[in-house]
Each structure stands twice: as structure tokens, then as C-alpha cells.
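Colleague: fold the following, please.
(one chain, ligands or ions: 2)
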Amino acid sequence: MASKRVILSSLAMVAAAAFVQTGHVAGEDGRSSAFARANGTRFTLAGRPFYSNGFNAYWLMYMASDPAADRSKATAALEEAARLGATLGLDYVIAEAKKDGVHLILSLVNNWDAYGGKKQYVQWARDEGHYLNSDDDFFTSSVTKGFYKNHVKAVLTRVNKLTGVAYRDEPTIFAWELMNEPRCQSDLAGKTLQAWITEMAGYVKSLDPNHMVEIGLEGFYGESTPNRTRQFNPGSYTVGTDFISNNLVPDIDFATIHSYPDQWLLTYLFVQTNGN
Ligand SMILES: *[C@@H]1O[C@H](CO)[C@@H](O)[C@H](O)[C@H]1NC(C)=O
Ligand SMILES: *[C@@H]1O[C@H](CO)[C@@H](O)[C@H](O)[C@H]1NC(C)=O
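Modeller: Ligands and ions are numbered 1, 2, ... in the order given. Predicted coordinates:
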């Protein structure tokens, strides 16, 4: 199940919509209105409602991998980029998206093993001689948290070679996603993820106050809403996330859920029964 979820998950979501070219006009809150933002239950762009209609291109951030931060991936990333006809990886993708008026949500790491994920960060820490107990130590180890912050800084401060614009100043980026489908099974009460989300959302905003930040949650309820957890989580299952309290972190601009109707239709009895 987990490996299938990775394939289907939204490591990077492309939101296609009419793009209003406005230049950098300061809004009420002092931020440029060229950037997408959340206002109540709506997204706005240039002061007007923004409706998204997108698709999942989970491989985009893979191509963004900084070879210095992720040497083992460099060769494969370049092959992937070449296969797609690109020679400059994510710079090219962002430049093309910008031309086409398409917005991008870019995910900064994967919970799952595909493309390295948190497991690879833990392995790098072990390679440096640090003791880490499990992959969930990704969320608490000062070493892996430092690696993650280095990666975030490398991506956000990168200046796109094609557009000349730093990623953190690029309005075609709709939002940053902290992690694709974070789970922390070793702390189902959710304190570990709540702390990690708070720290990392704050870090992203400290480097980049213009862009929105979302977590990348699948949508599982947690300890703050036990009744919803019992009623709505499949099998009352919990994964160390808390949809409500996680999304109430002040630096989180909007909530996400991931749905897998194809998988659920095939495997979940209640869907088949309801279908009959
Ligand atoms: C948010 O929307 C309200 C109306 O729904 C509007 O009055 C307000 O100016 C908006 N804020 C921003 C920052 O756009
Ligand atoms: C939660 O469920 C319990 C037991 O079913 C019930 O007594 C209680 O009123 C519920 N709480 C809320 C906030 O719905």
C-alpha cells in the first residue's frame, strides 16, 4: 500500500489557471500581490479569486536536487532531466510553467522511500557516524533537521539560470510543501510532527515570507479530535499526524488532503458495498 501511495502522491502539484500578470504590486499586508495567497477559504492572486485545476508531477523536485546536497542522486537526476528533454532540471520547468501561466506547488522532501525520502536523510546522518534509532528520527535529530534546512535553503535561495529570479521571489511558485505525506508512527500522539511542522514552517517563512506554506498531509485526524479520528480515519487508524492542530500552526497557510479513489475503489469493502 505504502509504495503505491508514493507513486500516486502529490510530491509536486501543478495548478493550472488563468494567470494575471501584475508585476510586483504591494498588497494590504505589504506582500507583493503577484504571489498567490490564502484569504479565508479562498485563494487569491492579484486581489482576485484563484481557482486551481491541477495534476501531480511528483518527479519535479527530484530534478531540483542540489547535486552538492544529494550527490548520490545527481547522475539519475540528470538522466531523468535528459529523458524529458530538459538540460537544466527544475530551472527549466519553472521557466516553462511561468511562460504558460501555470503555478507550481513544490514539495521539499518525501516521507516515503521513493527518491530518497526521510530514510535517505537518516542514512546520511548515520554515514557521518551519528546514532539514529529509526527513520522517524528524521523529525527530531538535530543532524537530519540541519540537512533538511540546508536543502530548503539551497532550493529557496537558488537563482534560476533561465529567468534570473531566485526561487523565493518567483510568483509562479504557488506554495512550498514541507513534506509529501508526513507520518510518524513512533509518536501517534502527534507531538513530534507538531513540533517539526512548527519549526520547519517557521524556517521556510524566515527565508521566504512571500510564498504560502502547506504541510503535505494526507488528512488523518489525531489526538485533538478523538471523535473524528474514530469516525473518519479508515479503521480509526492514526499515523502521528493531527489534521486540525497541525494545520492551526500559524505559518501554515492552507490544508491539504490526498485521495486515492482508484486504490480505494479496488480495495475498500465499504466502497464496493456502497457501490452496490
Ligand atoms: C480578504 O477578503 C476580504 C473579503 O472577503 C477582503 O475585505 C480583504 O481585503 C481580503 N484581504 C486580503 C489581504 O486580500
Ligand atoms: C465524542 O464522543 C463521545 C462518545 O461517543 C460523546 O459522548 C461526546 O459528546 C463526543 N464529543 C463531541 C465533541 O462530539
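
Colleague: closest residue of the stretch 101-250 of the chain to ligand 1?
Modeller: Met212 (12.5 Å; C-beta to the nearest ligand atom). For glycine as for every other residue, the C-beta is placed from the backbone atoms N, C-alpha and C.

Colleague: go ahead and confirm that residue touches Ile173.
Modeller: No - with contacts counted by C-beta atoms under 8 Å, Met212 stays clear of Ile173, the gap being 9.3 Å.

Colleague: just give the nearest non-adjacent residue to the residue nearest the centre of the chain, would you?
Modeller: The chain has Glu177 as the residue nearest its centroid, 2.4 Å off, counting by C-alpha atoms, centre = their mean. In space, and not counting its chain neighbours, Glu177 is closest to Ser107: 3.9 Å by C-beta to C-beta, 6 or more residues apart in numbering.

Colleague: ditto for Ala125
Modeller: Closest residue to Ala125 apart from its sequence neighbours, by C-beta to C-beta, 6+ apart: Val143 at 4.2 Å.

Colleague: quick one: buried residues of whichever strand or helix holds the one you found?
Modeller: If you go by DSSP states H and E, Val143 is part of helix 142-156. Neighbour counts over helix 142-156 (16 or more other C-beta atoms under 10 Å) mark 143-145, 147-149, 151-156 as buried.

Colleague: distance of Asp208 from Gly117?
Modeller: Relative to Gly117, Asp208 is positioned 23 Å away (C-beta to C-beta, to the nearest Å).

Colleague: which one's more surrounded, these two?
Modeller: Asp208 (23 against 20; other C-beta atoms under 10 Å).

Colleague: neighbours of the closest residue to that one other than its chain neighbours, just the number please.
Modeller: By the measure of C-beta to C-beta, 6+ apart, the closest residue to Asp208 outside its immediate chain neighbours is Arg168, 3.8 Å from it. For Arg168, the tally of surrounding residues (other C-beta under 10 Å) stands at 19.

Colleague: do I have it right that Arg168 meets Lys205?
Modeller: No - counting by C-beta under 8 Å, Arg168 stays clear of Lys205, with 10.5 Å between them.

Colleague: what lies in contact with the longest helix along the chain?
Modeller: As assigned by DSSP state H, the longest helix anywhere in the chain is helix 191-207. Helix 191-207 is contacted from outside by 108, 136, 139-140, 145, 148-149, 152-153, 156-157, 168, 176, 178, 182, 184, 186-187, 211, 213, 215, 240-242, 245-246, 249, 251-252, using C-beta atoms under 8 Å, 6 or more residues apart in numbering.
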